[in-house]
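J.: Have a look at this prediction, sequence included:
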Amino acid sequence: MIKKKFIITSRYISINSKKQNYYSKSYKKIKIPYIWFLTDTVKTKNPLDISRKLPFNSGILIRSYNNKNKEKIIKNIINLKKRKVHTVLVSGRHKSHSNIDGAHLPSWLNSSFLINKKLISMSAHGAIDIRKSINIKADIIFISPIFHTTSHPEAKNLGVIKLGLMAKLFKKPVIALGGINNNNISRLKGLPIAGCAGIDVYNTL
């Protein structure tokens, strides 16, 4: 199981954010998981195995853009979702599958495939993405990278202060992403975010 500190701290952050009324009442009605697992073609060797070990009601964002088994991964995780009540979003283009909760729009893809999606999330790397979030009617914003990350070692991380400022500007549930682990997650306490996400933090399961 994931180390308890990551789970407990993410849950505390989410509860505190709701109490402080950081985002509109309409979004309080949407059940947003406070921990998210992002699949990765290179880093995630067995996404289904990790998904099985996640707590009930976790969020799973299936990316695996270049994985030839992407459709099989989607199908297997959807079958698991029925038992563990996970929220499952799929990033990028893919075949139609029932029981997917919504779609994720990566920064490099246009929004034409988002029509009639139940739940929409998007990546954000700066305040410039606010207008885009309004245009596509995004429900969840994944802001990254917060800390240094091995996925994009050349990218400049936003840091805790900038994350807090950006989260308030979006006025929608924000999930922090990028380099978050058991050693630094406590630094996110008190910020206006709905939860935390990661890739590497799950590889020790």
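T.: That came through, no problem.
J.: State the distance from the residue with the largest distance to the centre of the chain to residue 169.
T.: What lies farthest from the middle of the chain is residue 68; by Cα atoms, centre = their mean that is 22.4 Å. Separation of residue 68 from residue 169 (Cβ to Cβ, to the nearest Å): 39 Å. Yep, even glycine has a C-beta here, placed from its N, CA and C like the rest.
J.: cool, and residue 20?
T.: Note on residue 20: its distance to residue 169, by Cβ to Cβ, is 16 Å.
J.: out of the two, which sits in the more crowded spot?
T.: residue 169 (15 against 11; other Cβ atoms under 10 Å).
J.: List the residues that contact the closest residue to residue 84 other than its chain neighbours.
T.: Spatial nearest neighbour of residue 84, excluding adjacent residues (Cβ to Cβ, 6 or more residues apart in numbering): residue 56 at 5.3 Å. Residues in contact with residue 56 (Cβ atoms under 8 Å, 6 or more residues apart in numbering) are 84, 85, 86.
J.: looking at this, residue 56 is in a strand?
T.: No - judged by DSSP: H, G, I helix; E, B strand; the rest coil, residue 56 forms no part of a strand; its state is coil.
J.: Adjust the sequence numbering to begin at 5 for everything that follows.
T.: From this message on, residue numbering opens at 5, which makes the last subject residue 60.
J.: Toward the C-terminus, what is the element adjacent to the helix or strand bottoming out on mean pLDDT in the chain?
T.: Here the helix or strand of the chain ranked lowest by mean pLDDT, DSSP states H and E is helix 29-32, holding a mean of 53. Next in sequence after helix 29-32, counting helices and strands by DSSP states H and E, comes strand 39-42.
J.: Right, I'll leave it there.
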